[in-house]
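J.: okay, structure incoming, though there's no sequence with it:
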């Protein structure tokens with residue numbers, strides 16, 4: 001691994017440190033300065049020439065600051081004659097902007113993908129895109145990982161004989177069905193209509209819920225409005241227990257407290273793709289650093305990344 005160089009922006013240095021510990025390589029220093037006119041300057045403070053460079057930066061709040069940091073790091077690596085530069089984005093927040101569903105709006109997921117390639121990204125490594133089709137917005141190779149194996153290992157500590165995995169909507173039903181297969185559980189899905197970023201309606205839940213142990217699975221939880229609406233529908237069907245799981249625990253605007261305060265929610269499980277500054281007794285954070293580190297190792301060595309998805 002001597003030809004690998006790993007750098008991190010300011011978005012999630014703790015995850016970058018953990019990834020480097022699994023790889024057995026140092027996390028190389030990056031200097032980020034801000035000029036008097038509020039412009040950023042980024043310097044990669046280690047040799048990149050003819051090296052396989054990985055830049056770790058999830059796009060989290062403040063998203064635009066961290067995006068510009070990533071673009072500047074990509075440009076710096078290209079200017080430093082890196083052999084190949086991979087943008088490691090555990091969370092790609094612009095994946096939510098994947099279609100033109102209103103007049104005169106931009107498709108941000110595609111625009112930001114173009115910006116990263118223009119800045120110097122030769123490859124992208126990401127996890128659980130909100131919309132899988134965003135994979136196709138990039139004109140460079142994309143390795144799209146998921147955290148279902150990590151989540152499944154956690155839930156296998158429980159009796160799963162009467163478990164149903166519930167997707168809040170049909171868009172996430174395929175991922176929920178995959179997760180249910182890993183657990184040997186049944187699957188159900190909600191019929192959701194979104195009216196605004198913080199206002200949704202779930203009219204019904206299709207599947208076997210009554211008397212069963214429910215695991216609500218979503219790709220991300222931001223304000224928590226979808227989960228709270230789904231909990232209301234689930235209670236009408238009298239489940240035996242409820243747990244909530246997601247890959248990206250954004251928990252904006254007090255969402256963690258709102259979900260955690262629901263007495264019938266036994267547990268909230270997420271991964272560390274993004275920093276989770278708040279904590280509650282019900283929260284469990286699983287590490288995806290080993291999976292990302294293994295993917296980076298395989299990319300560096302020219303090995304298959306898809307085999308990481310084989311049944312575990």
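T.: Here it is on my side, so go on. The model shown is predicted, which means the values in this text are computed figures rather than measured ones.
J.: pretty sure residue 60 is in a strand, no?
T.: No. Residue 60: not assigned to a strand; according to DSSP: H, G, I helix; E, B strand; the rest coil it is coil.
J.: now it: closest residue in space that isn't a chain neighbour?
T.: Nearest non-adjacent residue to residue 60, counting by CB to CB, 6 or more residues apart in numbering: residue 274, 4.7 Å away. In short, each C-beta sits where N, CA and C put it, glycine included.
J.: figure out how far the longest helix seen in the chain is from the centre of its chain.
T.: If you go by DSSP state H, the chain has its longest helix at helix 63-79. Distance of helix 63-79 from the chain centroid (CA atoms, centre = their mean, to the nearest Å) equals 19 Å.
J.: could you point out the helix or strand that follows that helix?
T.: Using DSSP states H and E, the helix or strand that follows helix 63-79 in sequence is strand 84-89.
J.: partners of that following strand in the sheet?
T.: strand 52-56 (parallel), strand 123-127 (parallel) (DSSP bridges).
J.: other residues contacting the first one?
T.: When contacts are taken as CB atoms under 8 Å, 6 or more residues apart in numbering, the neighbours of strand 52-56 outside the stretch itself are 3-9, 12, 15-16, 19, 70, 73-74, 77, 82-88, 90, 125, 296, 299-300.
J.: residue contacts, residue 109?
T.: By CB under 8 Å, 6+ apart, the contact list for residue 109 reads 92, 94-98, 131, 134, 137.
J.: re the thing from before, so what does the longest helix of the chain touch, helix or strand wise?
T.: Using 3 or more CB pairs under 8 Å, 6 or more residues apart in numbering; DSSP states H and E, the elements in contact with helix 63-79 are strand 40-44, strand 52-56, strand 84-89, helix 108-119.
J.: which residue is the nearest non-sequential neighbour of residue 156?
T.: Excluding its sequence neighbours, the residue lying closest to residue 156 (CB to CB, 6+ apart) is residue 183, at 7.1 Å.
J.: could you list the low-pLDDT ranges of the stretch 201-312 of the chain?
T.: Applying pLDDT under 70 to the stretch 201-312 of the chain flags residues 310-312.
J.: again, only using 80
T.: Within the stretch 201-312 of the chain, the stretches with pLDDT under 80 are 307-312.
J.: ok, now which residue in this structure is the farthest from the centroid?
T.: The centre of the chain is farthest from one residue, residue 36, which by CA atoms, centre = their mean lies 33.7 Å away.
J.: can you read off the pLDDT for that one?
T.: We have a pLDDT of 95 for residue 36.
J.: same check on residue 168?
T.: Residue 168 is assigned 92 on the pLDDT scale.
J.: is it correct that residue 273 is in contact with residue 146?
T.: No. Residue 273 lies out of contact with residue 146 (CB atoms under 8 Å); the separation is 10.8 Å.
J.: among the two, which residue is more densely surrounded?
T.: residue 273 (30 against 20; other CB atoms under 10 Å).
J.: quick one: residue 140 and residue 77, what's the gap?
T.: Distance of residue 140 to residue 77, given as CB to CB, to the nearest Å: 14 Å.
J.: of these two, which one has the most company?
T.: residue 77 (28 against 14).
J.: contacting residues around the more buried one?
T.: For residue 77, the contacting residues are 7, 44, 48, 53, 55, 85, 120, taking CB under 8 Å, 6+ apart as the criterion.
J.: fine, thanks again, bye for now.
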